[in-house]
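In: show me the folded form of this:
(one chain, ligands or ions: 1)
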Amino acid sequence: MKLELRGITKKFGSLVANDHIDLTVEPGEIHALLGENGAGKSTLMNVLYGLYQADEGEILLDDEVQHFAGPGDAMKAGIGMVHQHFMLIPVFTVAENVMLGHESTKAGGLLDVADARRKVREISDRFGFDVDPDALVDDLPVGVQQRVEIIKALSRDAKVLVFDEPTAVLTPQETDELMQIMRQLKQNGTAIVFITHKLREVREVADRITVVRLGKVVGEAAPTASNAELASLMVGRAVELTVHKEAPRLGEKALVVEGLTVIDPIGQLVVNEVSFEVRRGEVLCVAGVQGNGQTELTEALVGLQPRVEGRILLDGDELTRASVRRILNAGVGFVPEDRNEDGLVGEFTIAENLMLDRADGPPFVKAGNLQLGYLAEFAQDRVEEFDVRTPSIETKVGRLSGGNQQKVVLARELSRDLRLLVAAQPTRGVDVGSIEFIHKRIIETRDAGVPVVVVSTELDEVTALADRIMVMYRGRVVGIVPGDTPRDVLGLMMAGESPNTEGAAA
Ligand SMILES: Nc1ncnc2c1ncn2[C@@H]1O[C@H](COP(=O)(O)OP(=O)(O)OP(=O)(O)O)[C@@H](O)[C@H]1O
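Out: Numbering: from 1, shown residues only. Modelled structure (predicted):
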């Protein structure tokens, strides 16, 4: 089915999120939609999916004008959406999730789970998905959960599929598998809209590329365009894609972690006897496939894990099992992996989010009074410095685009007096121009003598930032190696193979 968006305009108050956008996607085409944070990509897709009503413009499917009052209408017309935050019910099986909202019944009004099961099997076999209809969604890895979302859309005969940043939460292998699935869907005649900030993925699968900036289409590009060309088209200026950094000026050992063990709330050993040290002025990157204990390690460092053994020392201060408040007050900056869950309060304004955790004293609160003037000035400066695209500092954070929300978290954490920075997936969902800026700021933090721990599943990010790399596998440290360790060696380590330790720094 051919999709055509004509002159779509969508305003939020005075903000024009989509400004007369035209986009055509042919059947059997993968069309990448590129654009900096806040450019209006998700808004456009929400209009297409019936979640928002356009102020102007038309949606056409096979040349027929459509009117979608809600997602139900869009789905009926053949549009499917694969969200980044999955909309599945964890305690239901795959088949139950697929039939949800679309239940077929047998005579007597009973739900026909067998029918849903058959459908899952049929679609799974056709595309080589390898999904068990009876598996509980909660037990499935993220990549497989995503396939369930795709099956759900296909079981409703989706002919146009929208993937909105689908690889942000996937491992490199899951990403490769998804690319393969997208190619198969394309061969099957599906029209695909693919939103991503990862230029490599665009060049790998896209047939055509449309670039939006400030709500308008600014151009088309061919998948043969270089990263630098795509990046500058997106952000309207040349972007440095490599991080320039001097050799580290290493100071004393600042963070010392000894035999750290974390047991999660359901009793599993998720971090197993992990020991490492980070010096002042050094970046230690923790690499690994998602789910190998990195998340719990960072949470333990900031006091968010209740069952911790071993020791955590910062400049000689014992922080093991200290409260989150004490740890933050000790000068630990924390960028959590999930900004919505742990980093921001969506209903609070940008300004309020920028002073979160700091309401207990100067400079934001003096003699019990909130210093509104100071807060406004501070927030305005941070918004400009970190290029947060927002109508005002009074805007609720929940209204910002994903990448701009991430910038608010970074602006807050990087603007404190730090003795340690712990950043998990710092550039998740962030556009190429902002990645450049954030990486620069992390290196500046290092160069100011702060020890930095960065957890990232992106090898490009790890090799760009790291002075040393610690690879984790199944809760253990596989090895700690120099920052310039080749990617293939890191890849093997991420699969659990010990490195050839020759030359590996302690
Ligand atoms: N419900 C809403 N109310 C008010 N403003 C909104 C709303 N949804 C989006 N916006 C604004 O519209 C603009 C476009 O946001 P959108 O989420 O479409 O960007 P995006 O291109 O998807 O960005 P990202 O790459 O960061 O996900 C942003 O300035 C955002 O703050």
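
In: quick one: the residue nearest to the spatial centre of the chain from the ligand, how far?
Out: Among the residues of the chain, the one closest to the centroid is R428, at 3.7 Å (CA atoms, centre = their mean). Applying CB to the nearest ligand atom, to the nearest Å, the value for R428 to the ligand is 11 Å. The way it works is simple: take the backbone N, C-alpha and C, and place the C-beta from them, glycine included.

In: what sits against that residue?
Out: 168, 337, 339, 406 (CB atoms under 8 Å, 6 or more residues apart in numbering).

In: now it: which helix or strand?
Out: Assigned by DSSP states H and E, R428 belongs to no helix or strand.

In: what does E436 give?
Out: Following DSSP H and E, one finds E436 within helix 432-447.

In: show me what counts as buried in that helix.
Out: Within helix 432-447, the residues scored as buried using 16 or more other CB atoms under 10 Å are 432-439, 441-443, 445-446.

In: and which of the residues you listed is nearest to the ligand?
Out: Nearest to the ligand among the buried residues of helix 432-447, counting by CB to the nearest ligand atom, is S434 at 9.0 Å.

In: on that earlier part again, narrow the contacts of R428 to those in strands?
Out: Judged by DSSP state E, those include no members of strands.

In: most neighbours among those residues, which one is it?
Out: Of all the contacts of R428, Q406 has the most neighbours under the rule other CB atoms under 10 Å, reaching 26 neighbours.

In: what about that residue, distance to T242?
Out: Going from Q406 to T242 by CB to CB, to the nearest Å gives 21 Å.

In: and if you look at A116?
Out: A116 is 49 Å from T242, by CB to CB.

In: do V274 as well
Out: With distances taken as CB to CB, V274 is found 30 Å from T242.

In: on that earlier part again, on contacts alone, who are the packing partners of the helix holding E436?
Out: Packing partners of helix 432-447 (3 or more CB pairs under 8 Å, 6 or more residues apart in numbering; DSSP states H and E): helix 227-235, strand 283-287, helix 402-414, strand 420-424, strand 452-456, helix 459-465.

In: is the ligand contacted by the longest one?
Out: Yes - part of helix 402-414 sits near the ligand under the criterion CB under 6 Å from any ligand atom, namely 402-404.

In: thinking again about what came up before, rank the helices and strands packed on helix 432-447 by mean pLDDT and give me the bottom one.
Out: Lowest mean pLDDT of those: helix 227-235, a mean of 88.

In: give me the next element, helix or strand, following that one.
Out: Going down the chain from helix 227-235, the next helix or strand is strand 253-263, by DSSP H and E.

In: which outside residues touch that following strand?
Out: With CB under 8 Å, 6+ apart as the criterion, strand 253-263 contacts 269-280, 293, 296-297, 299-301, 305, 307-315, 419-420, 451, 453, 475.

In: if we can go back for a sec, dump the buried residues of helix 432-447 to a markdown table, plus distance to R121 and pLDDT.
Out: Shown next, in a markdown table, are the buried residues of helix 432-447 (distance: CB to CB, whole Å; pLDDT from 0 to 100):
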| residue | distance to R121 | pLDDT |
| --- | --- | --- |
| V432 | 40 | 87 |
| G433 | 45 | 85 |
| S434 | 43 | 87 |
| I435 | 41 | 90 |
| E436 | 46 | 88 |
| F437 | 47 | 88 |
| I438 | 44 | 91 |
| H439 | 45 | 94 |
| R441 | 49 | 92 |
| I442 | 47 | 95 |
| I443 | 50 | 96 |
| T445 | 51 | 96 |
| R446 | 52 | 97 |
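
In: re earlier: and the residues of helix 402-414 next to the ligand, which is closest to the ligand?
Out: Distance to the ligand across these (CB to the nearest ligand atom) is lowest for G403, with 3.0 Å.

In: the closest one: neighbour count?
Out: Other residues within reach of G403, judged by other CB under 10 Å, total 24.

In: hang on, E149 packs against V94?
Out: No - the criterion here is CB atoms under 8 Å, and E149 misses it with V94 at 10.6 Å.

In: how does the protein divide into domains?
Out: The chain breaks down by the TED database into domains covering 3-235, 249-331+421-499, 335-416.

In: so the helix holding E436 versus helix 227-235, what angle?
Out: In terms of direction (axes from the mean of the first three to the mean of the last three CA atoms, to 10 degrees), helix 432-447 departs from helix 227-235 by 100 degrees.

In: around the ligand, which positions in this structure sit nearby?
Out: Within reach of the ligand by CB under 6 Å from any ligand atom, the chain has these residues: 12, 15, 17, 35, 37-43, 389, 399-404, 431.

In: mark which of those are buried, thanks.
Out: Buried among the residues of the chain next to the ligand (16+ other CB under 10 Å): 15, 17, 35, 37-43, 389, 399-404, 431.

In: among those, which are in helices?
Out: When these are checked against helices (DSSP state H), the matches are 41-43, 402-404.

In: for E36, phi and psi?
Out: Main-chain dihedrals, E36, degrees, to the nearest 10: phi -70, psi 170.

In: residues contacting the nearest residue to it once chain neighbours are set aside?
Out: In this structure, E36 finds its nearest non-sequential neighbour in D431, 4.2 Å apart by CB to CB, 6 or more residues apart in numbering. Shown in contact with D431 (CB under 8 Å, 6+ apart): 35-37, 197, 234-235, 403.

In: and for V91?
Out: By CB under 8 Å, 6+ apart, the contact list for V91 reads 136-138.

In: and these, which is closest to D130?
Out: D130 has its nearest neighbour among these in V137, at 15.1 Å by CB to CB.

In: tell me who's in contact with L100.
Out: Neighbour list for L100: 89, 92 [criterion: CB under 8 Å, 6+ apart].

In: now do 7 Å
Out: Taking CB atoms under 7 Å, 6 or more residues apart in numbering, we find L100 in contact with I89.

In: likewise Y374?
Out: Contacts for Y374 (CB under 7 Å, 6+ apart) come out as 363-364.

In: what kind of secondary structure is it in?
Out: Following DSSP: H, G, I helix; E, B strand; the rest coil, we place Y374 in the helix state.

In: any figure for the gap between A464 and V283?
Out: According to CB to CB, A464 and V283 sit 10 Å apart.

In: more neighbours: those two, which one.
Out: The neighbour count for A464 versus V283, taken as other CB under 10 Å, is higher for V283 (27 against 23).

In: not counting its neighbours along the chain, what's nearest that one?
Out: Sequence neighbours aside, V452 is the residue nearest to V283 in space, at 4.5 Å (criterion: CB to CB, 6+ apart).

In: verify the stated contact: the one you found with R446.
Out: Yes - look at V452 against R446 with CB atoms under 7 Å: they come within range, at 5.2 Å.

In: residues shared between the contacts of these two?
Out: V283.

In: contacts for the helix or strand harbouring E277?
Out: Element membership of E277, judged by DSSP H and E, is strand 269-279. For strand 269-279, the surrounding residues in contact (CB under 7 Å, 6+ apart) are 250-264, 284, 293, 296-297, 300, 451, 453, 470, 475-477, 480.

In: and that strand, what's buried?
Out: Buried residues in strand 269-279, counted by 16+ other CB under 10 Å: 269-272, 274, 276-279.

In: can you check stretch 7-16 too?
Out: Buried, per 16+ other CB under 10 Å, within stretch 7-16: 8-10, 15-16.

In: now do the same end-to-end measure for stretch 186-204.
Out: By CA to CA, to the nearest Å, the extent of stretch 186-204 from end to end equals 14 Å.

In: give me the contacts around that stretch.
Out: With contacts defined as CB under 7 Å, 6+ apart, stretch 186-204 is touched by 1-3, 25-34, 41, 45, 159-165, 167, 179, 182, 185, 206, 209, 223, 227, 230-231, 429-432.

In: of the residues you listed, just the buried ones, ChimeraX syntax please.
Out: Of the contacts of stretch 186-204, the buried ones go into a single ChimeraX selection, burial set by 16+ other CB under 10 Å:
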select :1,2,3,25,27,29,30,31,32,33,34,41,45,159,160,161,162,163,164,165,167,179,182,185,206,209,230,231,429,430,431,432
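
In: all set now, cheers.
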